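[1] Fold the stuff below for me.
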Amino acid sequence: MSRRQRRSSDSGGGAMPATGAGLIRFFEEDTPGIKVGPYAVMIFAAALIILVLAGPWLFKLFAPG
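    Predicted coordinates for the structure are as follows:
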């Protein structure tokens, strides 16, 4: 093993906890609010992008006069 590898493994800073129980407990909490799935968010974002890009054309099409 090289010296550089030994030095980096000997340093004790940034040690991870033995378990991830705190993270699991955080994500299991039921928080109030609207529940929206990831696919719904992606579909809404795509529809919004299409609407913004087609906006000038739609405005000319439906504008009075």
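
[2] where does the chain have low pLDDT?
    Along the chain, the model assigns pLDDT under 70 to residues 1-29.

[3] What is the neighbour count of Lys60?
    The number of residues packed around Lys60, counting by other Cβ atoms under 10 Å, is 8. Where C-beta positions appear, they are placed from N, C-alpha and C, glycine not excepted.

[4] Which element, helix or strand, includes it?
    Following DSSP states H and E, the helix or strand that holds Lys60 is helix 38-62.

[5] List the contacts of that helix.
    Counting by Cβ atoms under 8 Å, 6 or more residues apart in numbering, helix 38-62 has no neighbours from elsewhere in the structure.

[6] what comes up buried for that helix?
    Counting neighbours by 16 or more other Cβ atoms under 10 Å, one finds that helix 38-62 has no buried residues.

[7] Please renumber the chain so that the first residue is 9 from this point on.
    New numbering, starting at 9: the last item is helix 46-70.

[8] Could you check how far Lys68 is from Ala62?
    When Cβ to Cβ, to the nearest Å is the yardstick, Lys68 and Ala62 sit 11 Å from each other.

[9] Then Phe70?
    Counting by Cβ to Cβ, the gap from Phe70 to Ala62 is 11 Å.
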